[in-house]
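Visitor: For reference, the sequence and a predicted model appear below.
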Amino acid sequence: PGPPPYTVVPNEYSLLGAGDCVFIDPVSTGFSRAEEGTSEKEFHGLEEDLDSVAGFIKRYITRHGRWSSPLFVAGESYGTTRAAALAERLHNSHGISVNGVILVSTVIDFATIRFNDGHDLPYVCFLPTYAATAHHHGVLSDELQAMSPDELYAEAMEFALGDYATALMQGTALGEISEAAVVRRMSELTGLSEEFVRRSNLRVSQRRFSKELLRTEGLTVGRFDSRFTGQDRDDAGESYEFDASYAAIRANFTGSFNSYIREELGFESDLSYEILTNVWPWDFGNAGNGRFVNVSERLRRVMHQQPHIRVFNAAGYHDLATPPLGADYALDHMQLRPELRGNITRKYYYGGHMMYLLEPVLAELSKDLVEFYDATPVSVQRSE
């Protein structure tokens, strides 16, 4: 991005033409803090967070006279965990029905992203993103490099859900001949050497991949966006020192936002605006009691109760934080009734966790969202 200072400029792809946007900073994020005499820990939990945000929405639409307005809830990254569960909490706790739920870089089932011992699902979910990353950096064969990003991703996903998933399920019962075939194909699709894949027992975690792919060039690839590259102190080890993609954009957002609200809008506060903050320990309650957090069932329940609800899922091919296949896996395992499956719109973009960082993708995402708004059912209010 170049050196600071950074500034805010008008966004010609703004969604304000389609509706009013209300941004909510939950407690401990942005400028939001717990009241004096109240512990912030009372808000640092899945259920507590849902209660406070749902309560805020109810108060907002009441005080501003917006009960008769169409309502969409949106979240990005961990915010998708909130948004998916929030649709149910609003309906069941406050009688507020949403028209749509927007999920950007989705994680609604944490089993898709946690690389735990004996748990093979994340390796399957991440593999197509490894392939997209290798394709972007030009380290695949001429045949694979000649494919479009969509074609390459589709081929990698077919392998991930097919031969690769089957091989992982067999564990050490996998025969040598079958293992050799899987190692060879995995190496071809990911750009990793066959030796590295074999030594990893076919299981390459995200941190290992980000360090290994461009090791010979002295580069690491980013987690939020694997198109970004960084340099560590040395080229040994199995993980990177920092996320190159976060390092590249953190100061842009922090500096430009603070300059805008403080110098242009005249907002005064000595508080830091928390762009990405640590709210650990986070209490997942019963949703994470002896299991991976999974709120997809809550989304299914409210969609069955309110069959008008539409869902928009946006995913970036180069997202190594919440890979697209992880979102697809969760959505495909909600056991949504067949007649409601068409209520989910899925869009894939050439980009990472924040796929809108580059202007052409920003324009594409904005267009897709406006089309989603227009296609979502809304009751027509008729005057007497």
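Guide: Looks like it came in fine. Numbers count the residues shown, from 1 in each chain.
Visitor: What helix or strand is residue 325 located in?
Guide: helix 324-332 (DSSP states H and E).
Visitor: Can you get me the centre-to-centre distance for that helix and its chain?
Guide: 11 Å (CA atoms, centre = their mean, to the nearest Å).
Visitor: For that helix, which residues meet the burial criterion?
Guide: By neighbour count, with 16 or more other CB atoms under 10 Å as the criterion, the buried positions of helix 324-332 are 324, 325, 326, 327, 328, 329, 330, 331. In this view, the C-beta of every residue, glycine as well, is placed from N, C-alpha and C.
Visitor: distance between the ends of stretch 186-197?
Guide: 8 Å (CA to CA, to the nearest Å).
Visitor: ok now it, how far from the chain's centre?
Guide: Computed by CA atoms, centre = their mean, the separation of stretch 186-197 from the middle of its chain amounts to 26 Å.
Visitor: Stretch 87-98 too?
Guide: Worked out by CA atoms, centre = their mean, stretch 87-98 lies 23 Å from the chain centre.
Visitor: Same question for stretch 231-243.
Guide: In terms of CA atoms, centre = their mean, the centre of stretch 231-243 is found 24 Å from the chain centre.
Visitor: Please save the CA atoms from it in PDB.
Guide: Provided in PDB are the C-alpha atoms of stretch 231-243 (Å, rounded to 0.1, in the frame of the first residue of the first chain):
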ATOM      1  CA  GLN A 231       9.600 -12.500   4.700                       C
ATOM      2  CA  ASP A 232      10.600 -14.100   7.900                       C
ATOM      3  CA  ARG A 233      13.900 -13.800   9.800                       C
ATOM      4  CA  ASP A 234      14.900 -17.100   8.200                       C
ATOM      5  CA  ASP A 235      13.500 -19.800   6.000                       C
ATOM      6  CA  ALA A 236      13.600 -22.600   8.500                       C
ATOM      7  CA  GLY A 237      10.800 -23.700  10.700                       C
ATOM      8  CA  GLU A 238       7.200 -24.900   9.800                       C
ATOM      9  CA  SER A 239       5.300 -21.700  10.400                       C
ATOM     10  CA  TYR A 240       5.400 -18.000   9.500                       C
ATOM     11  CA  GLU A 241       6.300 -15.100  11.900                       C
ATOM     12  CA  PHE A 242       3.400 -12.900  10.900                       C
ATOM     13  CA  ASP A 243       0.400 -12.900   8.500                       C
END
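Visitor: Contacts for that stretch, please.
Guide: With contact meaning CB atoms under 8 Å, 6 or more residues apart in numbering, stretch 231-243 is reached by 207-208, 210-212, 215, 218-220, 222-224, 230.
Visitor: Just the residues you listed: which are in strands?
Guide: 220, 230 (DSSP state E).
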